[in-house]
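Student: predicted coordinates and the sequence they were generated for:
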Amino acid sequence: MTAQTQNLVGALRTGGLRGARSSGALGRALRTGGVQLLCIAVSAGFFALPIVYLTVQAFKPYIGFLQDPTGLPHPWTFANFTSAWTQGDFAREMINSLVYAVIPDVITLILGVFLAFPIARGYFKHSNALYAFFVFSGFLPGSLIPLFIEAQRLGLYNSRLGFLVITSLAGAGFFFFVGYIKTIPRELDEAAALDGCGYFRFIFTMIIPQMKPALATFGIFGFVASWNSLILPLVMLSDPSLWPVTRGLFSFFGQFQSQWPLVAAGTVIVAVPIIVVFVLLQRYLIEGVAGGATAGTQGVGQGRGAVAEAAEGE
Amino acid sequence: MNQCPFGTGRTRRWIPWASIAVPTIGWLVFGLYPSLATIYYSFTQYSGLPGTPLDFCGLCNYRNAFQGSYSDFSAAIETTVKYAGGVAVLQIGLGLGLALLLKNRRRGFGLYRALIFMPQIFSVTVVGILFSMILDPQAGPAEKGWTAVLGSANSFLGSSTWALPLCILINVWMFTGYTMLVYIAGLRRIPQDVYEAASLDGAGRWRTFRSITWPLLAPATTVNVFLTVVGCLGEYALILVLTDGQFGTQTIGFYMFNAAFGQNPSLGYGSMLAMAQFALTLMLGGGLLWGLRRREVAL
């Protein structure tokens, strides 16, 4: 039998089989129904159920929890939220978190553009070498311990301003906008310069508006990462009045360990803002990751790298 | 080098430098310097407490890791490798399975993908507390289910047998969505006519997967394996919340954190552990990347 006839026979065979398998609309409907059911079971049952369980437990009175720790609340109460809110000092921590998340995020984005623009354009000597150096520096030993020592020596330890300085500047090294800026034609620079537009004005009025998608993706990821960060506040901030919500919740958990409804309420309080961000902006988050794979493993040092490349590729 | 068109005469020269000055200095001071200083501090003895001296002691911390504290050190390395390996295998398998299931643009699928992706937007504090609650040995639903089915008790995160596998599973729960999305992006880039040709050639489902999907997904697999393994080799925040590094869950990252900021802080020994983690990441991450790249070419 030649290869060709083999192929032909094969084609006939699968054709026949397929015909037999999906005979009738009923079979097809059953199969799609089955797939849908499986998807719902996995996504809802495995991935979402734990979060739902936690949320439900947060509405349970403590007495009810002692009697039946795993069942539904009876009656449903809002008391855990109010007492967690005051006992955990979440109001102040929310404000701290917001400050720690927004200010460094904005500064990092702007500094990132200022760094990336001349590199992308090659407007100074050895810009390629600098670019390579930034890429390479992603693969160096962890810096947490010396950062802690440095913060103590520079008076940035246990201070709100110090924490903002560190988080705003440590991330300034990211170079991922370079690729994105390269897609903005250089003739634009020259035309603007001829018209007498200054450098910084050009960046703010021309480049930054053009980079909206990249900045949005980055800004969202940066915000979520800062809001969620536990280790840096744990190391850098000892005064509870400076703590962000994640740090506060960690202590709250240690303090009320076995009062699960109360702890659950605190956890929900901390998670809600992020859920809101996710629901409103999940398209950006998901596209960011999905697009990130396009660029392959080039320069994917950390999760952020992949996301950045997503922004470039989009 | 291109001439910067902005400014006039002399300002033309320094404008680009002014532009990169602040971010570059910030990165040098808070990014590059601390990273490199880890090397120096790994040769010192320093508690970090105010008023205590910093002594240069050569290889003392490295010697300590292989002599006095060898059992802790080797256990941490072993735990880290198990953790990274366990997460990688499960997360790649589950992520790929879900990607194959949910790759199409169909009704409801966007929601399913979003739900699967969702866990990783939460803080490790939130995820850690969530699973501490579910796995609570007295009041958690896991305990109830376990006792009902097997009739015996289990202390879950407080058991040396179960703590590490559970941490692995929780990590998988948190990050499978990412792996899945990378695979979906990879699957969508495979041209449809390859599949048409395969079905004309009479390839069955398994055969199509083996000879077409899997090889053409090689770049996505490279990204996923590399990111997962490198991420896990440095993991300790989740473990801090879940088990505080006890019951056989002390990874090298956690060991570092605990040595530096725990009960008897030793920043020198901690820096040495950061170096060890770096070496491990370089060896395993670099080795994997090299191997996976070769595999991409071979397939």
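Tutor: Perfect, thanks for sending it.
Student: show me the shaky parts of chain A.
Tutor: A:1-24, A:172-175, A:290-314 (pLDDT under 70).
Student: got the domain ranges for it?
Tutor: Taking automatic domain parsing as the criterion, chain A consists of the domains A:35-77, A:88-313.
Student: CSV for the ones you listed, including distance to residue B:148 and mean neighbour count?
Tutor: Quick note: C-beta positions are derived from backbone N, CA and C, even for glycine. As requested, those are exported to CSV (distance: least, C-beta to C-beta, whole Å; neighbours: other C-beta atoms under 10 Å in any protein chain shown):
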stretch, distance to residue B:148, mean neighbour count
domain A:35-77, 11, 16
domain A:88-313, 20, 19
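Student: so can I have a markdown table of those domains showing distance to residue B:152?
Tutor: Shown next, in a markdown table, are those (distance: least, C-beta to C-beta, whole Å):
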| stretch | distance to residue B:152 |
| --- | --- |
| domain A:35-77 | 18 |
| domain A:88-313 | 22 |
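Student: a markdown table for those, including distance to chain B?
Tutor: Formatted as a markdown table, these follow (distance: least, C-beta to the nearest C-beta, whole Å):
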| stretch | distance to chain B |
| --- | --- |
| domain A:35-77 | 4 |
| domain A:88-313 | 3 |
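Student: of all those, which one comes closest to residue B:14?
Tutor: Evaluated over the domains of chain A, closeness to residue B:14 peaks at domain A:88-313, with 9.2 Å, by C-beta to C-beta.
Student: ok and the residue in the stretch 101-250 of chain B nearest chain A?
Tutor: residue B:202 (2.0 Å; C-beta to the nearest C-beta).
Student: per-residue pLDDT, that residue?
Tutor: On pLDDT, residue B:202 comes in at 85.
Student: can I assume it sits in a helix?
Tutor: No. Residue B:202 is assigned coil when assessed by DSSP: H, G, I helix; E, B strand; the rest coil, not a helix.
Student: next one: it from residue B:180, what distance?
Tutor: In this structure, residue B:202 and residue B:180 are 30 Å apart, going by C-beta to C-beta, to the nearest Å.
Student: so which strand or helix has residue A:96?
Tutor: Using DSSP states H and E, residue A:96 sits within helix A:90-121.
Student: okay, and the most centrally placed residue in chain B sits in which element?
Tutor: By C-alpha atoms, centre = their mean, the mean C-alpha position of chain B lies nearest to residue B:231, the distance being 1.6 Å. Element membership for residue B:231, per DSSP H and E: helix B:218-233.
Student: I'd like to know which elements that helix is packed against.
Tutor: If you count contacts as 3 or more C-beta pairs under 8 Å, 6 or more residues apart in numbering or on different chains; DSSP states H and E, helix B:218-233 packs onto helix A:303-313, helix B:70-102, helix B:163-188, helix B:267-298.
Student: which of those helices sits closest to residue B:18?
Tutor: Ranking these by distance to residue B:18, with C-beta to C-beta as the measure, places helix A:303-313 first at 24.3 Å.
Student: check contacts around residue A:219.
Tutor: Residues near residue A:219 by C-beta atoms under 8 Å, 6 or more residues apart in numbering or on different chains: A:105, A:106, A:109.
Student: what residues are up against the closest residue to the first one other than its chain neighbours?
Tutor: Distance criterion C-beta to C-beta, 6 or more residues apart in numbering or on different chains; nearest residue to residue A:105, sequence neighbours excluded, is residue A:222 at 4.4 Å. Residues in contact with residue A:222 (C-beta under 8 Å, 6+ apart) are A:101, A:104, A:105, A:108, A:109, A:171.
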